[in-house]
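A.B. asks: sequence first, predicted model second:
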Amino acid sequence: MMIKKSLIVFLFIASVLTAKAQEASKCEEAIAAFETVVKSGNYDEALGGLKDLVKECPKADEKLYMLAEVAYVYKIESAQDKKSRQEFIDGLFALYDNYNKNFPAAKNRNAIKKAQLQYDQKLESEDKIFEAFDRAFTQQSHDFTGYKELEAYYSLYLKRFESGKANISTADFMSKFGDVSAQVIYAKNKILAKKSALLVKKETEPLTEEEKEFLASAKNDLDALTAVGENVDRLSSKHFRCEGLEEFYTAKFEKNKENADWLEALVNVMFLNRCYNSAVLEKGAHTLYELRPSVQSAFNMANIALRKNNTQEAVMYFDKAAQMEKNPEERADINYKIAGVFRNTDKAKAKEYTFKVMKDNPKDARPYIFLAEMYSSVTRECDVTEFERKALLWLAIDTAKKAEGVDPKYKRTVDSMVQGYEKRLPTADEMKEAGKRKGDEIKYGCWINETVTLPKIK
């Protein structure tokens with residue numbers, strides 16, 4: 001039934017074009033009918049009528065070329081033999097040429113797509129494919145944002161550098177590495193900005209199908225770009241050390257100090273290469289935070305402060321990151337980090353932040369494990385007797401068991417903790433010597449601020 005319907009639509013396209021192709025309204029009707037055929041998945045019928053449609057209505061609507069591209073890409077990917085695949089590739093390349101010819105001012109990615117297809121299908125020499133990518137990267141940097149093309153382009157560049165045949169200097173290599181790293185960040189931020197805008201729009205009005213598809217694929221695209229950025233660094237890091245990175249980014253800093261994507265790349269690269277003591281890392285992180293305050297830029301500042309043992313400043317930036325973080329689970333992770341910072345310096349604060357973790361992520365077992373360990377390791381800081389210190393182990397046991405209730409996969413951890421605590425519990429003789437018995441309460445002040453009811457000791 002669907003095939004019959006699409007065939008009727010296809011015949012309608014032909015009749016429309018025959019009637020009066022140059023009339024704008026007729027072209028609009030024909031392209032609308034063509035869209036119906038493409039969206040029905042009948043790509044053979046669509047491509048069968050494409051030649052006449054492009055011939056008669058070449059400048060009517062960019063949508064014609066975008067729809068035809070969908071059909072060609074599908075046919076290339078599903079082609080059963082090399083000959084038919086090449087025919088569809090040739091058709092797609094011709095489509096791109098017609099698109100560029102008839103819409104020269106259009107902001108499309110045809111040159112990038114063509115280079116990527118040549119790379120995927122090994123249609124040209126690596127040198128020619130690299131040149132195509134390089135032109136696109138230079139001339140269309142704002143559109144050079146796909147993870148596939150970024151990875152392919154840098155892979156070809158790195159191969160040229162490592163072979164020595166292209167006579168690429170170390171300085172030029174560092175420059176290209178910096179440019180691609182910054183481009184990855186730019187691509188990620190472009191997706192994040194659009195995603196954020198669509199989520200806001202979603203609250204007040206319905207999204208188009210295209211917008212829904214974008215949101216559905218955003219996470220995977222972001223993850224892929226992150227992987228590309230890390231891979232670029234991993235493959236390149238053997239060619240430079242922290243000193244080289246420091247020198248490179250210092251030399252480029254003034255020129256790029258207002259380019260947030262470049263600064264973010266600087267920070268990422270220095271962290272990935274463990275250049276923690278770098279002056280340009282600290283300078284770049286601070287400038288980035290001032291230029292574009294975000295969860296990540298605040299988190300970077302906090303980690304730098306931690307490495308300098310400046311816990312007060314670290315907590316300040318962690319707090320700022322938590323305040324900006326809208327995802328409760330992500331915010332819980334930040335607050336858990338803060339609890340860890342305070343663990344040995346301010347246990348009351350540490351406990352306060354574990355409660356924030358529990359509130360934001362009730363399924364997180366870590367804060368219960370954290371608190372249990374704190375209760376079990378009290379020494380003399382809260383002015384408790386030896387019996388009271390041991391009695392706290394009952395609170396540690398109860399708290400640890402809550403972790404298992406929240407997340408069963410912690411059962412083995414909890415069982416091990418409880419077994420260790422039970423060996424250190426007060427004995428019946430110790431309870432008698434302390435003048436205590438079953439049902440008595442011990443109220444703890446200090447950072448603990450809890451009450452333990454003594455059980456019967458066997």
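C.D. replies: Perfect, I can see it now. This one's a predicted model, so the numbers in the text were calculated from it and none came from an experiment. Numbering: from 1, shown residues only.
A.B. asks: what's the mean pLDDT across the longest helix anywhere in the chain?
C.D. replies: The single longest helix within the chain, with elements called by DSSP state H, is helix 170-202. Regarding helix 170-202, the rounded mean pLDDT is 94.
A.B. asks: in it, which residues are buried?
C.D. replies: Along helix 170-202, these residues count as buried under the neighbour rule (16 or more other C-beta atoms under 10 Å): 173-174, 176-189, 191, 195, 198. From N, CA and C alone the C-beta is placed, and that goes for glycine too.
A.B. asks: now swap in stretch 360-379 and tell me
C.D. replies: 360-361, 364-372, 374-376, 378.
A.B. asks: ok, now stretch 278-289?
C.D. replies: Using 16+ other C-beta under 10 Å as the test for burial, stretch 278-289 gives 278, 280-289.
A.B. asks: low pLDDT regions in the protein?
C.D. replies: 1-24 (pLDDT under 70).
A.B. asks: got the domain boundaries for it?
C.D. replies: The chain is divided into the following domains under automatic domain parsing: 1-108, 110-239, 241-285, 365-458.
A.B. asks: mind putting those in JSON lines, distance to Lys349 included?
C.D. replies: Formatted as JSON lines, the domains of the chain follow (distance: least, C-beta to C-beta, whole Å):
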{"stretch": "domain 1-108", "distance to Lys349": "52"}
{"stretch": "domain 110-239", "distance to Lys349": "32"}
{"stretch": "domain 241-285", "distance to Lys349": "24"}
{"stretch": "domain 365-458", "distance to Lys349": "8"}
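A.B. asks: Glu325 is nearest to which of the ones you listed?
C.D. replies: Glu325 sits nearest to domain 110-239 of all the domains of the chain, at 13.4 Å, using C-beta to C-beta.
A.B. asks: end to end on that closest one, go ahead and measure it.
C.D. replies: 33 Å (C-alpha to C-alpha, to the nearest Å).
A.B. asks: contacting residues for Tyr43?
C.D. replies: If you count contacts by C-beta atoms under 8 Å, 6 or more residues apart in numbering, Tyr43 has them with 70-71, 74-75.
A.B. asks: try Asn110
C.D. replies: 96, 99-100.
A.B. asks: which among the residues you listed count as buried?
C.D. replies: 96, 99.
A.B. asks: export the contacts of Asn110 to TSV and tack on distance to Asp407 and secondary structure?
C.D. replies: Below are the contacts of Asn110 laid out as TSV (distance: C-beta to C-beta, whole Å; DSSP: H, G, I helix; E, B strand; the rest coil):
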residue	distance to Asp407	secondary structure
Tyr96	52	helix
Tyr99	53	helix
Asn100	56	helix
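A.B. asks: of the contacts of Asn110, closest to Pro455?
C.D. replies: Of all the contacts of Asn110, Pro455 sits closest to Tyr96, with 77.6 Å by C-beta to C-beta.
A.B. asks: nearest residue to that closest one in space, please, no chain neighbours.
C.D. replies: The shortest distance from Tyr96 to any non-neighbouring residue, by C-beta to C-beta, 6 or more residues apart in numbering, is to Asn110 (4.2 Å).
A.B. asks: and that neighbour, how close does it get to Glu56?
C.D. replies: According to C-beta to C-beta, to the nearest Å, Asn110 stands 22 Å off from Glu56.
A.B. asks: name the helix or strand for Thr287, please.
C.D. replies: helix 279-291 (DSSP states H and E).
A.B. asks: beyond that helix, next helix or strand please.
C.D. replies: helix 295-307.
A.B. asks: by contact count, what packs against that following helix?
C.D. replies: helix 260-272, helix 279-291, helix 311-324, helix 328-342 (3 or more C-beta pairs under 8 Å, 6 or more residues apart in numbering; DSSP states H and E).
A.B. asks: list the buried ones in that helix?
C.D. replies: 295-306.
A.B. asks: so what's the residue count around Ser40?
C.D. replies: Here the number of neighbours of Ser40 (other C-beta atoms under 10 Å) works out to 15.
A.B. asks: and the one 10 residues further on, by the same measure?
C.D. replies: The local packing of Leu50 (other C-beta under 10 Å) involves 23 other residues.
A.B. asks: perfect, I'm done here.
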